[in-house]
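Pasting the sequence and the predicted coordinates here, then a few questions.
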Amino acid sequence: MAARSTIYEVARRSGVSTATVSRVMSDGAGFSAATRERVLAAAAELGWVPSGPARGLAVRRNGIVGVLFHDLDTSGEAEEESPLYVDEVIRGVERTASSVGDAVLIAATRGASGRELAYSVAGKVDGLVVLARSLADRDVQALARSLPIVVLAHRASRTGLDSVGADNRGGARSVVAHLLQVHGFTDVVFIGGPARSPDSMERFAGFRDALREAGLPVPRTPHAEGGFTEAGGARAMRGLLAHRPPPQAVVCGNDEMAIGALGVLGEARLRVPGDVAVTGFDDIASARHVRPALTTVRQPMRELGEQAVRLLLDRVKDPDGQRRSVVLPTHLLIRRSCGCQGRTARSGRDAS
């Protein structure tokens, strides 16, 4: 880990006193908005955070693990639901942190204020678990110069930091290969999550892999986007039905979108799986209870949080150790919504 910046360097770069830097970073008063922006910009460029973790990781710990995630409910629409994925990840973080006596500080970032919040949280914790899209890459890199960071569901090659993820691509490939090989479908569409979501991009890549291997046309982009929410999945399904005949199968980027799609297909008097097969991804609890029960890919959501904290605590102990990247396996779960009667589970990497 590179030499850490100091409050004096931040003050010098932003043209203010160290006292002003301290007030800005602690959300104090007595300075203009322009001064705040100048100080925050200098701190970001230098990778400086203002508390114990940045100054003395070798001598003491705060006993607090920070978690940053992107607040997806930015539309203001009451129907939009927060992804259950984040809840499960945080449960895993809390379980592992509490097992070593650490507390967890959780923050949802949104827009410009999210950057200020991230720097405030960084000044109070021993290290950060940063979920995809919660903070710009340049800010992640800046903070990583001052405290340990583990990125979760990022593209690890873009960060150069410790990372944890699931085998999204292999999992998606396995469920699409099942639809193509076992059921003989050739008209299969994909409803993706947010366009910038690494998870959604990897699942769409797996969708494309399976089509390519089967010698079928490979789309350049998802057929529709549902934002990883039930309401979004319903809107995406309505849009698809409005512009084309019903496909043989709909592969959804997560279970919440799949559940929304199921509702719209029912409204359209299309039988699942008789007329249209539907699959999801995640294996949330409701996937087992909808009718028909949802064929999906189980990803270890809670284990992702647990593994992220383990990597983070290792990095706190050894700031200069070799970077580690952990990819957890996914498993295909066969239920009724694809047209099968039974239920089996296979590894996302090994299934074909």
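Happy to help now that I have it.

Which helix or strand contains residue 129?
Assigned by DSSP states H and E, residue 129 belongs to strand 127-131.

Flag the shaky bits of the stretch 251-352 of the chain, pLDDT-wise.
342-352 (pLDDT under 70).

Now do the strand holding residue 129: distance to the chain's middle.
Offset of strand 127-131 from its chain centre (CA atoms, centre = their mean, to the nearest Å): 12 Å.

name the helices or strands packed onto it?
Helices and strands touching strand 127-131, by 3 or more CB pairs under 8 Å, 6 or more residues apart in numbering; DSSP states H and E, are strand 64-70, helix 84-99, helix 111-122, strand 149-152, helix 301-317. Using the backbone N, CA and C atoms, a C-beta is placed for each residue, glycine as well.

hmm, who's touching it?
The contact list for strand 127-131 (CB atoms under 8 Å, 6 or more residues apart in numbering) reads 53, 65-70, 86, 89, 93, 118, 121-122, 140, 143, 147-154, 305, 308-309, 312-313, 315-316.

Just the C-alpha atoms of that strand, please, in CSV.
This file holds the C-alpha atoms of strand 127-131, laid out as CSV (Å, rounded to 0.1, in the frame of the first residue of the first chain):
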residue,chain,number,x,y,z
GLY,A,127,-12.0,-1.0,5.9
LEU,A,128,-14.8,-0.9,3.3
VAL,A,129,-16.8,-3.5,1.4
VAL,A,130,-17.9,-1.6,-1.7
LEU,A,131,-20.7,-3.1,-3.8
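
Quick one: mean pLDDT for that strand?
Across strand 127-131, pLDDT averages out at 91.

After it, heading C-terminal, what element do we hit next?
That would be, after strand 127-131 and using DSSP H and E, helix 137-144.

out of the helices and strands packed on strand 127-131, which comes closest to residue 49?
Nearest of the helices and strands packed on strand 127-131 to residue 49, taken as CB to CB: helix 111-122 at 4.3 Å.

so how far is that closest one off the chain centroid?
Between the mean C-alpha location of helix 111-122 and the chain-wide mean there is a distance of 18 Å, by CA atoms, centre = their mean.

do you know how far residue 234 is from residue 195?
Residue 234 is 18 Å from residue 195, where distance means CB to CB, to the nearest Å.

Of those two, which one has the most company?
Shown here are residue 234 and residue 195; by other CB atoms under 10 Å, residue 234 has more neighbours (21 against 11).

Surely that one forms part of a helix?
Yes - assignment of residue 234 by DSSP: H, G, I helix; E, B strand; the rest coil places it within a helix.
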